[in-house]
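[1] I'd like to go over a predicted model; first the sequence, then the structure.
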Amino acid sequence: MKRRLFGLIFLLGIFFGCKEKPAPTPAASAGPGPSGSGAPTADKPKPGKELNLFAWSEYVPQEVIDGFSKETGIKVNYETYASNEEMLSKLLAGGTNYDLIQPSEYVIEALVKQKKLAPIDWSLVPNFKNIDPKLKGLAHDPENKYSVPWMTGTVGIVVNTDKIKDPIKGYKDVFQKKYKGRIVSLNDSREMVAWALEASGLKSNDITPENLAKVKPMLAEWVKLVKVFDSDSPKTAFLNGDVDIGVVWSGEAALLYQNNKKFSYILPEEGAHLFIDSLAIPDSAPNKVGAMMFMDYILRPEVSKLVSEKFPYTNPNLEARKLLTPDQLANPASYPPAGERETFRDIGKIASEVDKLVTDLKASN
Ligand code: N2P
């Protein structure tokens, strides 16, 4: 286990530490941009027979995979991960054949800088038009060349209000001694460091050696209070009655709220951030055409609706949103009040320090 973690931190260090590569020559598959007017080619490029999808756990409904396979005859192999860093370390270690990955914005930003993603041929992904324009042209993919938003969301606090009566407003109210052994937390170093920064009045992207040293004592206290670290399915600890409070992905919170209104969702008052998880194609992908077909398939409103039903994050597909029920749209975890929220940025080589800090604190607990 230790060796694996060391390997992960080492790889992240090398990856994020790399200098930006010089501008690439455009890939042969690059087609017109989403707003381009390139004429469709007469012969459609042919996909490979299999598609290797490497995506977050609890995020891609089997029904969607089956529907795609049935229609196209392409077999989908779905492998899961529970953090961006886990995905990156496997991708960078090589020896894999991933056609599609599903990173968050800060990892897309890093992968784009490192020229590790294949440009998308938008003539094969016309349904990109369904994506909320507010999610286009953002810092991680300014020219919309490499990524298709899957879901967006926030990270917030869930409270079982049958069990906890105190008002809970922010991270500091969660990580209190009196709740020791009743807390679930995402098992995610970048997230935890961001919470501690926000709880210290700093910005989630202000990750410097000094700021890491500043939040270390707070994080050391926090990890001692946590009963369950789980990024895959933190809702389970609530449903089993193992915990009464915690910090989780908004989609997990939405499922809890759907199950029982006693599970309330609170955006931390110290500051909440937004994540944007997108599909992207590694430059080494053997089946790029199949990957783009999958992108277009999940962008169909009726398919995207299935994703929202199973995993109720914030759907970035405006046409799909029209198909959701008033109840789904009223779920406060799925569709929180609008607000200016930061997204994580690529922080370069200090990413490995973030991982090491939290990993070490957990190990010494
Ligand atoms: C889905 C995880 C959501 C990913 N299980 C948050 N970036």
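    Looks like it arrived, so ask away.
[2] Apart from its neighbours in sequence, what residue is nearest F229?
    Distance criterion CB to CB, 6 or more residues apart in numbering; nearest residue to F229, sequence neighbours excluded, is N187 at 3.9 Å. Where C-beta positions appear, they are placed from N, C-alpha and C, glycine not excepted.
[3] Help me confirm that E302 comes into contact with K322.
    No. Under the criterion of CB atoms under 8 Å, E302 makes no contact with K322, lying 10.8 Å away.
[4] For the residue nearest to F229, give me its contacts.
    Going by CB atoms under 8 Å, 6 or more residues apart in numbering, N187 touches 82-83, 229-231.
[5] Tell me the predicted confidence for G339.
    pLDDT for G339: 88.
[6] interface residues of the stretch 1-150 of the chain facing the ligand?
    With CB under 6 Å from any ligand atom as the criterion, the stretch 1-150 of the chain comes near the ligand at residues 56-59, 104.
[7] how does it look with 5 Å?
    56, 58-59, 104 (CB under 5 Å from any ligand atom).
[8] Of those - the most surrounded one?
    Counting neighbours by other CB atoms under 10 Å, W56 comes out on top of those with 25 neighbours.
[9] That residue reaches E79, doesn't it?
    No. The pair W56 / E79 is not scored as a contact, 10.8 Å apart, by CB under 8 Å.
[10] how much space between P301 and F311?
    16 Å (CB to CB, to the nearest Å).
[11] what packs against the lengthiest strand in the chain?
    As assigned by DSSP state E, the longest strand anywhere in the chain is strand 147-160. On a contact count with 3 or more CB pairs under 8 Å, 6 or more residues apart in numbering; DSSP states H and E, strand 147-160 meets helix 171-174, strand 245-249, helix 250-259, strand 263-266, strand 274-280, helix 288-298.
[12] got the contact list for T154?
    250, 267, 272-275, 314, 333, 336, 341 are the contacts of T154 under CB under 8 Å, 6+ apart.
[13] repeat for Y313
    151-153, 249-251, 254, 334.
[14] Turn those residues into JSON lines, including neighbour count, distance to the ligand and pLDDT.
    Output for the contacts of Y313, formatted as JSON lines (neighbours: other CB atoms under 10 Å; distance: CB to the nearest ligand atom, whole Å; pLDDT from 0 to 100):
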{"residue": "M151", "neighbour count": "25", "distance to the ligand": "7", "pLDDT": "98"}
{"residue": "T152", "neighbour count": "22", "distance to the ligand": "9", "pLDDT": "98"}
{"residue": "G153", "neighbour count": "25", "distance to the ligand": "6", "pLDDT": "98"}
{"residue": "W249", "neighbour count": "29", "distance to the ligand": "5", "pLDDT": "98"}
{"residue": "S250", "neighbour count": "29", "distance to the ligand": "9", "pLDDT": "98"}
{"residue": "G251", "neighbour count": "24", "distance to the ligand": "6", "pLDDT": "98"}
{"residue": "A254", "neighbour count": "28", "distance to the ligand": "11", "pLDDT": "98"}
{"residue": "S334", "neighbour count": "26", "distance to the ligand": "13", "pLDDT": "98"}
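[15] what's the most distant pair in those residues?
    Greatest spatial distance among these (CB to CB): T152 and A254, at 12.7 Å.
[16] Surely the residue nearest to F229 forms part of a helix?
    No. Judged by DSSP: H, G, I helix; E, B strand; the rest coil, N187 forms no part of a helix; its state is coil.
[17] Quick check: the gap between it and K145.
    From N187 over to K145 (counting by CB to CB), the distance is 32 Å.
[18] What of E50?
    25 Å.
[19] With neighbour numbers in mind, choose between these two.
    K145 (18 against 15).
[20] ok, and the closest non-adjacent residue to the more buried one?
    P119 (4.8 Å).
[21] what's the answer for D162, then?
    Closest residue to D162 apart from its sequence neighbours, by CB to CB, 6+ apart: K262 at 4.8 Å.
[22] same thing with T80?
    T80's closest residue in space is S57 (CB to CB, 6+ apart), at 3.8 Å.
[23] which residues touch the one you found?
    80-82, 232-233.
[24] quick one, helices of this structure?
    2-17, 62-72, 84-93, 105-113, 171-174, 189-199, 209-225, 235-239, 250-259, 288-298, 301-310, 318-321, 326-329, 351-363 (DSSP state H).
[25] is it possible to export those helices to TSV including distance to K46?
    As requested, the helices of the chain are exported to TSV (distance: least, CB to CB, whole Å):
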stretch	distance to K46
helix 2-17	33
helix 62-72	11
helix 84-93	25
helix 105-113	26
helix 171-174	51
helix 189-199	39
helix 209-225	49
helix 235-239	41
helix 250-259	35
helix 288-298	7
helix 301-310	22
helix 318-321	28
helix 326-329	38
helix 351-363	38
